[in-house]
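Student: Build the 3D model from these lines:
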Amino acid sequence: MIYLDYAADTPADERVLSCFCDRYRNFSANPNSQHSMGTLAKTELDRLTKSIAALLGVLPSEIIYTSGASEANNLALKGLAKSQRNMGKHIVSTCLEHSSVSGTLTALQEQGYEIELVDINRDGTVDLAHLKELLRKDTVIVSVCMVDSELGTVQPIDAIGEILTNHPNCRFHVDATQAVGKIPVHFKGVDCMSFAPHKFYGLNSCGVLIKRDGVVLEPLIHGGLSATVYRSGTPDLPMIAATETALTLALEQLPSRHDYVSALYQTIKSKLSAYCHVTINSPDKGTPFILNVSIKGVKGEDFRSALDKKGVCISTKSACSAPNTPSRPVYAISKDRKNALSSWRISLSHLTTENEVRDFLTIFEQCYGELTT
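Tutor: As a prediction, this is how the structure comes out:
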């Protein structure tokens, strides 16, 4: 099997698994317990949090652990909206967001919040001029993903943050799930940022929300001691340790992984571009980890299925998106529903081998010939 769906999930690094098991064996007490074993667990939890904070360039007090990026996005958006409700109920976002963001915004809309979507440029980036037009005195949140999970577009987060300095009542939330561990990320100008380690060879069922000190959230989960007042529940020390290990490894190897994947990306893009019915949807300056293509006259799901039968695993869209519907990001940049229905995504890794790329291109040619004739 050739796995080319690393944007959906990544295999856990053996060192991450080893770290997880080690902490489960050696730290069995609740970090909130007052006895000596609890104190040892609390000391280790604090050490891990300080390490994660240092890796990300934030304060330990700004880190909130969750069950995943979806919970982190929900906590950020619902928590900010409710804490800011006396200042307004206007929220700005994009059509590119993960369903954990778009679904949360829909839920807030049903509670009386006004949601507006900023226009998207042809390269998939936010139209900054339109964003400025949408901002109002009662705008309380702007939410934009750092890297789009279908196109690989890298958004101008710094420029958006600069615009929002003129709107002190507006909080800026960034979903960085497809960015952390893959491209350089910083927290400047951002109020809340969410991500999950399973996107960079960590474990599922863990997420992180970075909340800038001074920003207030209303929690989703109440009751019980935790590492923070914003998210109740016993801290999962082994999972946090695994996250720290995955993040350390990802950042240490980020430049070499990025360069290696970039070379694979260019090879695939060059080869696929030579086919007359192929459209490359990903922008020229996006992340090399994601390549989105469409094949004229062939539904993306049909091509995905054909590849799957020959041992190649790709996705048509984000794994959390509804099947058999047009890709919202692809439609946003092309305004072509058929093109959006024909799109599918290759997502690469430093684990992807040159032989796998070669075999994929051979299988692609076979499927292309079968489905376009």
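Student: Show me where this protein has its helices.
Tutor: Taking DSSP state H, the helices of the chain run over residues 14-26, 36-56, 69-83, 99-110, 128-134, 157-164, 237-252, 254-273, 300-309, 328-334, 337-341, 354-371.
Student: Let me see the residues that make contact with the fourth one.
Tutor: So that's helix 99-110. Outside helix 99-110, the residues within contact range by Cβ atoms under 8 Å, 6 or more residues apart in numbering are 69-70, 73-74, 77-78, 81, 91, 93, 97, 113, 115, 143, 145, 175, 318, 320-321. For every residue, glycine as well, the C-beta is placed using N, CA and C.
Student: just to revisit the earlier point, indicate which one of the helices of the chain is closest to Arg231.
Tutor: Nearest of the helices of the chain to Arg231, taken as Cβ to Cβ: helix 69-83 at 6.7 Å.
Student: still on that earlier bit, in PyMOL, select just the buried ones from the contacts of helix 99-110.
Tutor: To isolate the buried ones among these in PyMOL, judged by 16 or more other Cβ atoms under 10 Å, type:
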select buried, resi 69+70+73+74+77+78+81+91+93+97+113+115+143+145+175+318+321
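Student: if we can go back for a sec, using a markdown table, please lay out the helices of the chain together with distance to Phe195 and mean pLDDT.
Tutor: Formatted as a markdown table, these follow (distance: least, Cβ to Cβ, whole Å; pLDDT from 0 to 100):
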| stretch | distance to Phe195 | mean pLDDT |
| --- | --- | --- |
| helix 14-26 | 15 | 98 |
| helix 36-56 | 9 | 97 |
| helix 69-83 | 6 | 98 |
| helix 99-110 | 12 | 97 |
| helix 128-134 | 23 | 99 |
| helix 157-164 | 13 | 98 |
| helix 237-252 | 9 | 99 |
| helix 254-273 | 14 | 99 |
| helix 300-309 | 26 | 98 |
| helix 328-334 | 19 | 95 |
| helix 337-341 | 27 | 96 |
| helix 354-371 | 27 | 98 |
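Student: With distance to Gly202 added, can I get those in CSV?
Tutor: Below are the helices of the chain laid out as CSV (distance: least, Cβ to Cβ, whole Å):
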stretch, distance to Gly202
helix 14-26, 6
helix 36-56, 11
helix 69-83, 12
helix 99-110, 18
helix 128-134, 33
helix 157-164, 23
helix 237-252, 3
helix 254-273, 14
helix 300-309, 26
helix 328-334, 25
helix 337-341, 32
helix 354-371, 22
